[in-house]
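Student: Predicted model, plus sequence, below.
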Amino acid sequence: MRPRPPTFRVKKRYVLARIIPPWRIVEARVLGSAVHDAATSLWGDAHTALMQPAVMVTEKDLAILRCRRGTERDLITALATITAVGDLPLILRPLAVSGTILALKERGARLHREIQEEELAVKGRVCTVYRYQGHKVDLLERGIKGQNVVFFTTEDIEEL
């Protein structure tokens, strides 16, 4: 069977979304299920089937999602309703829309430079420090039972 010519193929659009907080590691399959559930609860089964949402790639704190052309605004609206994936609280913030995955991967590579990650000892605890553009700083302590967000005071900020 011959492949369809480009004029008969279904046009796709790809959405680049940031996963917040950035230290959450989410599998593409689990994230895809959450995106599909959010689209179904917001737009219904028929429109979600027309939209064909899918997660193509998850890398660090970015995800690339696919949908049919013309439904990208509906997918972005559905992303705004996601507050947790499984038991992990997180949100997806859309950053860009493109017709190719390669263009979004290049844009995503530029966005990874904005977050600086380093190890630091705060009050005798070894923490991972995430510095964002602007003045936002997140501290994450990795322990035996998992990860904990560390809350700190103004004096601690001055030490950083």
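Tutor: Received the coordinates, thanks.
Student: what's around residue 55, how many residues?
Tutor: Counted by other C-beta atoms under 10 Å, the residues lying close to residue 55 total 23. (C-beta placed from N, C-alpha, C; glycine too.)
Student: cool, residue 65 as well?
Tutor: Neighbour tally, residue 65, other C-beta under 10 Å: 28.
Student: ok, now residue 127?
Tutor: 20.
Student: right, and it touches residue 118 too?
Tutor: No: applying C-beta atoms under 8 Å, one finds residue 127 not in contact with residue 118, separated by 9.6 Å.
Student: is it true that residue 130 touches residue 115?
Tutor: Yes: using C-beta under 8 Å, residue 130 makes contact with residue 115 at a distance of 5.9 Å.
Student: Overlap in contacts, the two.
Tutor: residue 22 (C-beta atoms under 8 Å, 6 or more residues apart in numbering).
Student: Could you double-check that residue 121 lies in contact with residue 127?
Tutor: Yes: under the criterion of C-beta under 8 Å, residue 121 makes contact with residue 127 at 7.4 Å.
Student: Next, the contact list for the closest residue to residue 117 other than its chain neighbours, please.
Tutor: Closest residue in space to residue 117, ignoring its immediate chain neighbours: residue 130 at 5.7 Å, by C-beta to C-beta, 6 or more residues apart in numbering. Contact partners of residue 130, counting by C-beta under 8 Å, 6+ apart, are 21, 22, 23, 115, 116, 117, 137, 138, 139, 140.
Student: could you dump those residues to JSON lines with pLDDT, distance to residue 79 and neighbour count?
Tutor: Below are the contacts of residue 130 laid out as JSON lines (pLDDT from 0 to 100; distance: C-beta to C-beta, whole Å; neighbours: other C-beta atoms under 10 Å):
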{"residue": "21", "pLDDT": "84", "distance to residue 79": "16", "neighbour count": "15"}
{"residue": "22", "pLDDT": "79", "distance to residue 79": "16", "neighbour count": "18"}
{"residue": "23", "pLDDT": "77", "distance to residue 79": "20", "neighbour count": "17"}
{"residue": "115", "pLDDT": "70", "distance to residue 79": "20", "neighbour count": "16"}
{"residue": "116", "pLDDT": "73", "distance to residue 79": "26", "neighbour count": "11"}
{"residue": "117", "pLDDT": "76", "distance to residue 79": "25", "neighbour count": "14"}
{"residue": "137", "pLDDT": "71", "distance to residue 79": "26", "neighbour count": "14"}
{"residue": "138", "pLDDT": "71", "distance to residue 79": "22", "neighbour count": "17"}
{"residue": "139", "pLDDT": "70", "distance to residue 79": "27", "neighbour count": "18"}
{"residue": "140", "pLDDT": "73", "distance to residue 79": "24", "neighbour count": "16"}
